[in-house]
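>>> Any chance you could fold what I've pasted below:
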Amino acid sequence: METQDTPVTIDRRRLLHAGLGGLGAWLAGRWITAPEARADEANVAPTKPRADACIVLWMNGGPSHVDTFDPKPGTKEAGPFRAIKTRAKGVSICEHLPRVAAEAQRLAILRGMTSREGSHERARQLGHTGHIPNPTVDHPALGAWVSARRGDPKAELPAFVSLGGPSAGGGFFGRAHGPFVVREPGRPPEDMAYGPGVSAARFDRRRAALAMLEDAFEQETQSAAVAERRAVFAQAARMMRSPAAAAFDVSSEPAAVREAYGDTAFGRGCLAARRLVEVGVPFVEVSLDGWDTHEDNFERTKRLMGVLDPAMSALLRDLAERGKLDRTLVVWMGEFGRTPRLNGRGGRDHHPAAWSAVLAGGGVRGGITLGATDAQGEKVVERPVPVADLFATITSALGLDPLETVSSPGGRPITLTDGGQVVREILL
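Next up is the predicted model:
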C-alpha cells in the first residue's frame with residue numbers, strides 16, 4: 001500500500017490541481033472511481049434496428065395519466081379538464097395538449113402501463129433501467145446500454161446525454177457509459193474552453209505528462225478505474241475540440257423554430273435533443289420536473305402541459321419534416337401515474353398500478369392506442385404492459401437484443417430487459 005508521501009500520488013495530485021484547462025471541472029462532475037470489476041461486454045448480434053437514436057422525454061415526479069393521455073371525462077373526479085379529439089381516429093387526449101393532438105397520427109399511446117413500484121426512487125430506477133431495484137446490483141440505465149452497444153468509443157460527443165436532469169448512471173458498465181449531464185439545456189456545456197493561459201499545445205503537453213503519471217499509478221495499483229478514467233478524459237478532450245459540440249447550443253436556430261418549441265428549459269432541451277441526434281448522438285433524455293402533484297393537481301398539471309405541448313409537438317413535427325423521425329424513437333414517460341381519486345388537498349397521489357407511456361417514430365405504428373384502464377383509470381383492464389416489456393420494445397427498435405445477458409461484477413447474469421417481451425402490436 002502506498003503512503004500519502006508516495007511520489008506518484010503527490011505529482012498526480014499537483015498536476016490535477018493545476019488543471020487541464022476547463023476539462024478538469026467537467027471530469028469532476030462526471031467521473032468517480034469505478035468498481036474494479038466490469039461486466040463482460042462481449043458483443044451480441046443485434047436485431048435489425050428500426051431506429052438509430054432515441055429521445056426520452058422524462059416526466060419527473062409521475063404525470064397523471066387521467067389528466068394527460070388517458071382522460072376520463074364525465075367521471076366523478078375527472079376534474080375540469082375536457083377531452084379533445086386528435087388526428088388519430090377515435091383517440092382523445094386532454095384539451096391542454098392541443099398541439100400534441102395535432103401530431104397524434106404519429107403516436108402509439110400505451111394506456112396499460114403497470115408496475116408495483118410506488119416510491120419515487122425505486123420507480124425512477126425501474127423506469128430508467130428496466131429492473132426492479134436490487135441493492136446488490138448497480139443496473140445500468142437504458143442510455144448506458146445504448147452507449148455500450150451502439151456508441152462509438154472514438155466519437156466526439158457522448159453517446160448518452162441527459163438534458164435538464166441527472167437521469168440514471170452507467171451502473172456496472174462504468175462511468176464511461178453514464179450520462180453527460182447538462183443542467184441548463186440549450187446552452188453550451190460549461191468548461192469547454194481551455195483555462196486561462198492554456199493553449200492547445202500546452203494542453204496536449206499536460207495530457208502527455210498526466211498519461212505518464214497514470215501509467216505508473218496503474219502499474220502500482222492495478223486499478224481498473226484508470227482505463228475508465230482515461231476513456232472519459234479522452235472523450236472530453238475530443239468534445240472540447242469538436243465542431244459537433246455546437247449542437248448543444250440552440251441560439252443559432254431561427255427565432256421561429258425556438259418559439260415553436262417554447263421559451264422554457266424543457267423546450268430548449270427538446271430542440272437541443274433534435275440537434276444532438278442529427279450529429280449522431282444515439283441516446284438523449286430531456287427532463288420536465290414537477291409532476292408530483294399531491295396538491296393543487298389541476299393548476300399544476302395544466303401549467304406543465306403548457307410547457308410540454310409546444311415542445312413535444314415541435315420535436316415530432318421538426319424530426320418528421322427533416323426526414324429524421326422514421327429513424328428516431330421518441331418516448332414520453334414518467335415513473336408512474338397518479339390516483340384517479342383526489343386527496344383532501346386537491347391533489348393526486350402515486351399510482352403505479354395503471355399509467356400511460358407514449359412512443360413515436362423509429363418503427364412505431366402511429367395513430368393508435370394499446371391497452372385500457374377502467375372507467376376511473378384505476379386499474380388496467382386490457383393489455384397490461386409491464387416496464388420490462390416497454391424496455392424490450394424500445395431496445396428491439398434500437399437494434400439491441402432484449403434478452404442479452406451479461407455478468408455483473410459479482411458474477412450474476414443480468415439481462416438487458418429483465419425478461420421483457422416486445423410489444424409487437426405497436427411496431428411496424
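>>> mean confidence for stretch 81-88?
Per-residue pLDDT over stretch 81-88 has a mean of 98.
>>> contacts for that stretch?
By C-beta atoms under 8 Å, 6 or more residues apart in numbering, the list of residues contacting stretch 81-88 from outside reads 67, 71, 73, 91-96, 98, 100-105, 107, 298, 302, 366-368. Just so you know, the C-beta spots here come from the backbone N, C-alpha and C atoms, and that holds for glycine as well.
>>> Mind giving me the ChimeraX select for those residues, buried ones only?
For selection in ChimeraX, the members of the contacts of stretch 81-88 meeting the burial criterion (16 or more other C-beta atoms under 10 Å) are listed in this command:
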select :67,71,91,92,93,94,95,96,100,101,103,104,105,107,298,302,366,367,368
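>>> Residue ranges of each domain in the chain, please.
Taking automatic domain parsing as the domain assignment, the record places the domains of the chain at 1-29+189-248, 52-187+265-426.
>>> For this structure, which residues score under the pLDDT cut-off?
By pLDDT under 70, the weakly predicted segments of the chain are 1-47.
>>> what's the longest helix in it?
Using DSSP state H to define each element, the chain has its longest helix at helix 297-321.
>>> returning to what we had before: which ones among the contacts of stretch 81-88 lie within strands?
The members of the contacts of stretch 81-88 that map onto strands under DSSP state E are 92, 93, 94, 107, 368.
>>> Max pairwise distance over these: which two?
Maximum pairwise distance in those, criterion C-beta to C-beta, is 17.9 Å, between 94 and 368.
>>> before we move on, the earlier item: if you compare the domains of the chain, which one is most tucked away?
When neighbours are counted by mean count of other C-beta atoms under 10 Å, the highest per-stretch mean among the domains of the chain falls to domain 52-187+265-426, a mean of 21.
>>> now the helices: where do they sit in the stretch 101-250 of the chain?
With DSSP state H, counting those that start in this stretch as the criterion, the stretch 101-250 of the chain has helices at 120-129, 142-150, 200-221, 225-240.
>>> Run through the bridge partners of residue 382.
Under DSSP bridges, the beta-bridge partners of residue 382 are residue 372.
>>> For it, give me its contacts.
112, 371, 372.
>>> I'd like those written out as CSV, with distance to residue 120 added.
Converted to CSV, the contacts of residue 382 look like this (distance: C-beta to C-beta, whole Å):
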residue, distance to residue 120
112, 22
371, 24
372, 26
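>>> Let me know the closest of those to residue 140.
Checking the contacts of residue 382 one by one against residue 140 (C-beta to C-beta), the nearest turns out to be residue 112, at 26.3 Å.
>>> Residue 143 against residue 181, yeah?
No: the pair formed by residue 143 and residue 181 falls short of the contact definition of C-beta atoms under 8 Å, at 11.1 Å.
>>> what touches both of the two?
Residues touching both residue 143 and residue 181 comprise 162, 167, with contact defined as C-beta under 8 Å, 6+ apart.
>>> residues in contact with the residue nearest the centre of the chain?
Centrality entry for the chain: nearest residue to the mean C-alpha point is residue 285, 3.0 Å, by C-alpha atoms, centre = their mean. With C-beta under 8 Å, 6+ apart as the criterion, the residues that contact residue 285 are 55, 56, 57, 58, 143, 161, 162, 163, 165, 167, 179.
>>> Next: residue 61.
Contact analysis of residue 61 by C-beta under 8 Å, 6+ apart lists 120, 289, 290, 291, 292, 293, 334, 335.
>>> pretty sure the second one contacts residue 183?
No: the pair residue 289 and residue 183 fails to qualify as a contact (C-beta under 8 Å) at a distance of 11.7 Å.
>>> Touching both of these two, which residues are there?
Listed as contacting both residue 289 and residue 183 by C-beta under 8 Å, 6+ apart are residue 164.
>>> Helices along the stretch 251-400 of the chain, start to end?
Taking DSSP H, counting those that start in this stretch as the criterion, the stretch 251-400 of the chain contains helices spanning 255-261, 265-278, 297-321, 387-397.
>>> closest to residue 380 out of those helices?
Nearest of those to residue 380, taken as C-beta to C-beta: helix 387-397 at 12.4 Å.
>>> List of residues touching the closest one?
The list of residues contacting helix 387-397 from outside it, by C-beta under 8 Å, 6+ apart, reads 47, 49-51, 54, 110, 113, 115, 126-127, 130-131, 142, 145, 329, 331, 333, 357, 359, 362-364, 401-402, 416-423, 426-427.
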